[in-house]
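Engineer: Sequence first, then the predicted structure:
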Amino acid sequence: MYVIYIICALGIVSLLAEIFNFKKALLPIVTVGLLAAIVAAAFGENTGLAFSEMVLIDRFSVVYSTLIITIAFFWFWMAYSYFHNRPQLTDQSAIVLFSIVGAVILTAFANMAMLFLGIEILSIALYALAGSKKNNLFSTESAFKYFLMGSFATGFLLMGIALVYGATGSFELLAIQSATTNTAQSLPSFFYVGVLLILVGISFKVSLVPFHFWAPDVYEGAPTPITAFMSTIVKIAAFAALLRLFPVCFAAISTTWVVVFYVMCVLTLLVSSITAVYQSNVKRMLAYSSVGHAGYILIAIVSGGNVGGLVLYYLTGYAVASLIAFVVIHQLEESGRTVFLSDFQGLFRKSPWLAVSMTIALLSLAGIPPLTGFFGKYLLLTQAIGSGHLTLALVAIFTSLIGVYYYFKVIISMYSAAGGDQTIRISTAQKALLFILVTMVVVLGVFPDWFTFL
Amino acid sequence: MLTIFLIAWPLIAAIIIAVVKQHARTLALAASLIELVAFMVMVTSFTPDASIQFSVDLPWIASAGIRFYVGVDGISLLLVLLTTVLMPLIILASFTTTKLKNPSAFYSLIMIMQMALVGVFVALDGFLFYIFWEMALIPIYFICLLWGGDDRARITLKFFIYTLAGSLLMLIAMVYLYFHTPGIHRFDIQSLYEAGRALPSGEQSILFWAFFIAFAIKMPVFPFHTWQPDTYQVAPTTGTVLLSAIMLKMGIYGLIRWLMPMVPLGVQEWGTTAMVLSVVGVVYASVIALIQKNNKRLIAYSSIAHVGLISAGLFTMSAIGWQGAMIQMLSHGLTVFGLFYVIEIIHQRKATHAMSDLGGIRSVAPQLSTVFLIILLGSIALPFTSGFVGEFLLINSLVQYQILIGAVAGLTTIIGAVYMLRAFQKMMLGESKEPAAAFFDLSTREKIVLYPVVVLVILLGVYPTPLLTLSEAAINNLLYTINDYLTLPK
C-alpha cells in the first residue's frame, strides 16, 4: 500500500513547505508525487490483507484508488489558480492530501474501524475546506451545515458498527460476512438494525434522498474547487465503501437492505431531477444532478450481480464530466462572475472553449451518445432489465428525460444571443486540462472496452 | 471498406471544416461531392439481389456483444442515395447572400449530420443503429438552436425531448431483445430478428409499440406529430430541409428494417391500428394544411400527410406497398426539398412567409414560378412526375388491403391537390403586391440547385424502373421471410 505512504508523505511535505519556505516548489512537488501515486496505485499488487489485516488490497481497491488519485491529479490541475492566489496554500493542500488518504482507505478497508477512520479522515478535512472562504457567509454556513450533518451521519454509522459488533463479535468484514452466511438464524434482530444504521450513515455521505438535504447548500456555499472535490472524489470513495459493504459483506442478508435501497433509488431519481429543474444557480443544479447520479448508480446495486466494474465506469464518466463543469464554473468565477443561469448567457461568444467543453460535459451527464455518460447509463439499464427490474429502468428513462431538460437550460443559455460580448480569457493550462478531460469523455464513450485495459 | 468511407469521410470533413475555419461552405460542398462520388462507385458495383453487400464487421465493444457491423442492401442503398444526392444540393442551397454567423460550426454540424444519417441507413447492429440514430439528433438540434428563428429555444427543446423520449423507448426494447438473443447475447440484426420472432405474441405487441412510437415520432405519424410544424417553421431552411427531406426517412427506414421483420406477430396484431393512425394523420394534416396562411407550415403539414400515406402503405405488408414506400421516400425527399427551397428564395426576396403578402410572382419571375409548379405537381402526384408512381403504388396496396382505408387515403390526395394549387395561385398568380423591380428571377446558383431537382422529379416519374429494381429483391426477400414466419405453425 505504497499509495497511502506517498500521499501521506506529500501531505507532510506540504506542511513543511511553510516552515522551510519552499512554497513555490510545492505544487510541482505535489503534481509529481500524485503521478507517482497513480503509477503505484495502478501497478499495485493484489497483496491481500495488509496493515495488521486492517486493509484489503485486491483488484477492487487497486482500480478504485487509481481512479480516485487520477481524478485528484486533475483536481490539483484545476485548482492550481485557486491555490496559487491564496496565502493558506500549504495548509489547504495538506488538508486536501490527507482527505485523499481517507478516500483511498475507503476503497480498501477490511475492518469496520478502518471504515470509520477513512470516513472521518475524509470528512473532517472537508469540513475545514468547505469553510475556507472565511469572510464569506455562505461558505461558513456551508461548512457548519456540512459539519452538523456529517456528525449525524457519523453517529448513525458508529451506532451501526457497534450493533453489528455486538451481534457478530467482530469488526472484521470477513468475520461478519461469514457470520451472516453461516449463522444467519442465530443473529439477533439488532444486527439488522445495525446494518440499516450503517446504510443510513453511508447514504448521508453519498447523498441519497432523503439524506441529501445538506448537498445543495454545501455545494453552493463551498468554494468551487472544494465543491468539485466533494462531488467527484468524495462520491467515488463513498460508493467504494458502499460497494465493499453491501453487495459483498452483507450479501447474504440482501433481503434486508435491497428494498430500502430500491425505495431510496426511486426517490433519489425522482426528487433530484424534479428539484433540479427549478434551480437558477448552476452550482446548486449540479448538486441535485450529483444526487441524481447517485440514484442511477444505486440501480446497479439494487439489480445485484457483480457490478464493481460497471459502477467504476459510471463513476469515471460522471467524475470527469462533473470536473469539466466545475472547471468551467471556476473559470467563470475567476473572471468575476456569479454562476447563475443568466451568467452563462452568450458564453459561446465570450469563450468557445468553455462553452463547448461545458456542452460536451452536460451532454455526457444527460446521457447522450456517443459520450461516456450514455454508455454508463446504457450499462445500468441493461443491468436493470437483465435482472428483471423493468420499473427501475423506466423510472431512469423518465428522469433522464427531465435531466435533459435542466442540463439543456444551461446549454441553451450558453448559445443565446443575450449576455454581452466581452471575451473571457483562460490560461493555456486550463485549456489543456479541458481538452484532456473532454477527450476522455469522448474516447471512453466511443471505446468503452478500452476502459477495461486501463 | 467503401461503407466505412461513406461514414467516416463526413466526420473527417467535419473536423477539417471546424479546424480550418476559412472557406467552410466551399469545403463542405467539396466534401459532400466527394461523398457522392464514393457512393456512385458503390452503386456501379452493386448487384441488385437480396444480399447484404459491402459489409464490414469489426469488433467494437466485445464485452457487451456489440459489433461495428455495417452493410448495404437495396433498401439501404436507395436511402443512402437520397442522402448523398441531396446533401450537396442542400449545402449549395444554403449559400445565401446574407452572411451566416459562425459558418464553420454550421457546416461541420451538417457534415456530422450526414455521417449519422448514412450510419443509420447502413447499420446492421442494433446498438450501432441506436448510436447513429441519436447522433443525428444532436447536430440538427444545434443547427435549429443556433441559427433558428423566434422562440427557438423552447420549440427545439420540445423537439429534442420528444424525439429522445421515443428513442429511449426503442433502446429499452432493443436491450430487452438483446437479452433474448440465443446463446451469448449479441446485438447483430440477425440475432435480434431471431430473438424477436421467438417471443410470444403478447410480448411482441409491447415491443411493437416501443419501436413504433420511436419511429412514429421521428416521421411523424399522428398523434405524435405535435413537435413538427413548430420545429419546421422555426428551424433555418437548411435545418428544415435536413429534417423533412432526409431525417424523417430514418423513421420509415426503421419500420422496414427493424420493426417489421423483428416482431411480425406484433405487426399482425397491431399493424391495422398503426395503419389507421397513419391514415387519420393523412386526413388530419391535409385538412389543417387547407387553412394554413404561412407557406412553411403548409409544407410541414403536407409532409405529415405524405409520410402518413407511406407508413400506411408499409403496414399492408405487401410488395407493392413497400415498393411504393421506397419510391415515395425518394420523391418526397426531392419535392419537399424543392418546395422549401423555393419558399426560402421567396423569403429572401420578400422577407415573408405569409401567403397573403405574396402574389403575382409569375409575372416577374417566370422561371422560378415554372420550377415551383413542376415540383409542386410532383408533390401532388400528377402522372409522369415522381410523386405519381409512389402514390399510385401506395394507394393501390391500401385498396387491396382494405377498400375503405384505401378510399379515404385516395380521396385525401385530392385535398392535397387543392391546398397545393391554391398556394401556387396565391403566391404566383394574381396581382403583384409590390413593385415588380423588387423581385428578380432565379440566380445561377439557384438554378444549379433547382434544375437537377426538376429533372429528377420528371425522370423518376417517367422511368422509375432502375430504382425499383435496385430495392425489389431486398424487399421481396424481407417480406418473404416475414410471411414465411407468420404462416409457420406455432
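Structural biologist: Yep, it's here. Numbers count the residues shown, from 1 in each chain, chains lettered A, B, ... in the order given.

Engineer: Neighbours of the single nearest residue of the stretch 151-300 of chain A relative to chain B, how many?
Structural biologist: Per Cβ to the nearest Cβ, the residue of the stretch 151-300 of chain A with the smallest distance to chain B is A:Val277, at 12.1 Å. In this view, the C-beta of every residue, glycine as well, is placed from N, C-alpha and C. Other residues lying near A:Val277 total 13 when counted by other Cβ atoms under 10 Å in any protein chain shown.

Engineer: is it true that it touches A:Tyr407?
Structural biologist: No - taking contact to mean Cβ atoms under 8 Å, the distance of 10.3 Å between A:Val277 and A:Tyr407 leaves them out of contact.

Engineer: Spell out which parts of chain A neighbour chain B.
Structural biologist: Of all the residues in chain A, those in contact range of chain B (Cβ under 8 Å from any Cβ of the partner chain) are A:363, A:368-370, A:374, A:378-379, A:381-382, A:385-386, A:390, A:393-394, A:397, A:400-401, A:404-405, A:408, A:412, A:415-416, A:447-449, A:452.

Engineer: Repeat the analysis, applying 7 Å as the threshold.
Structural biologist: Along chain A, the residues adjacent to chain B under the rule Cβ under 7 Å from any Cβ of the partner chain are A:368-370, A:381-382, A:385-386, A:393, A:397, A:401, A:404-405, A:408, A:412, A:415, A:448-449, A:452.

Engineer: mind listing which of the residues you listed are in strands?
Structural biologist: Among these, no member falls in strands (criterion: DSSP state E).

Engineer: Residue numbers of the stretch 151-300 of chain B in contact with chain A?
Structural biologist: In this structure, the stretch 151-300 of chain B approaches chain A at residues B:Ala153, B:Leu157, B:Phe160, B:Ile161, B:Leu164, B:Ala165, B:Leu168, B:Ile172, B:Val175, B:Tyr176, B:Phe179, judged by Cβ under 7 Å from any Cβ.

Engineer: Check which element follows the helix or strand hosting the second one along the chain.
Structural biologist: Assignment of secondary structure by DSSP states H and E places B:Leu157 within helix B:152-178. Using DSSP H and E, the helix or strand that follows helix B:152-178 towards the C-terminus is helix B:189-198.

Engineer: by contact count, what packs against that following helix?
Structural biologist: Taking 3 or more Cβ pairs under 7 Å, 6 or more residues apart in numbering or on different chains; DSSP states H and E as contact, the helices and strands that helix B:189-198 lies on are helix B:152-178, helix B:260-262.

Engineer: ranges for the helices of the stretch 101-250 of chain A?
Structural biologist: Counting by DSSP state H, counting those that start in this stretch, one finds helices in the stretch 101-250 of chain A at the ranges A:112-130, A:137-168, A:173-182, A:189-206, A:214-221, A:224-229, A:235-244.

Engineer: Can you pull out the low-pLDDT segments for the stretch 251-400 of chain A?
Structural biologist: In the predicted model of the stretch 251-400 of chain A, no residue satisfies pLDDT under 70.

Engineer: switch to 90 and redo it
Structural biologist: Counting by pLDDT under 90, the low-confidence segments of the stretch 251-400 of chain A come to A:251-259, A:279-281, A:300-311, A:330-355, A:367-370, A:379-394.

Engineer: ranges for the helices of it?
Structural biologist: Assigned by DSSP H, counting those that start in this stretch, the helices in the stretch 251-400 of chain A fall at A:254-277, A:282-303, A:308-334, A:347-350, A:352-366, A:372-386, A:390-414.

Engineer: just the CA coordinates of the fifth one, formatted as CSV?
Structural biologist: Listed in CSV are the C-alpha atoms of helix A:352-366, where the atom choice follows Å, rounded to 0.1, in the frame of the first residue of the first chain:
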residue,chain,number,x,y,z
PRO,A,352,-15.9,29.0,-27.2
TRP,A,353,-13.5,26.8,-25.2
LEU,A,354,-15.5,27.0,-22.1
ALA,A,355,-18.9,26.7,-23.8
VAL,A,356,-18.0,23.7,-26.0
SER,A,357,-16.4,21.9,-23.1
MET,A,358,-19.4,22.6,-20.9
THR,A,359,-21.8,21.5,-23.6
ILE,A,360,-20.0,18.1,-24.0
ALA,A,361,-19.8,17.7,-20.2
LEU,A,362,-23.5,18.3,-19.9
LEU,A,363,-24.4,16.2,-22.8
SER,A,364,-22.5,13.4,-21.2
LEU,A,365,-24.2,13.9,-17.9
ALA,A,366,-27.5,13.9,-19.6
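
Engineer: Before I go, just wanted to say thanks for your time.
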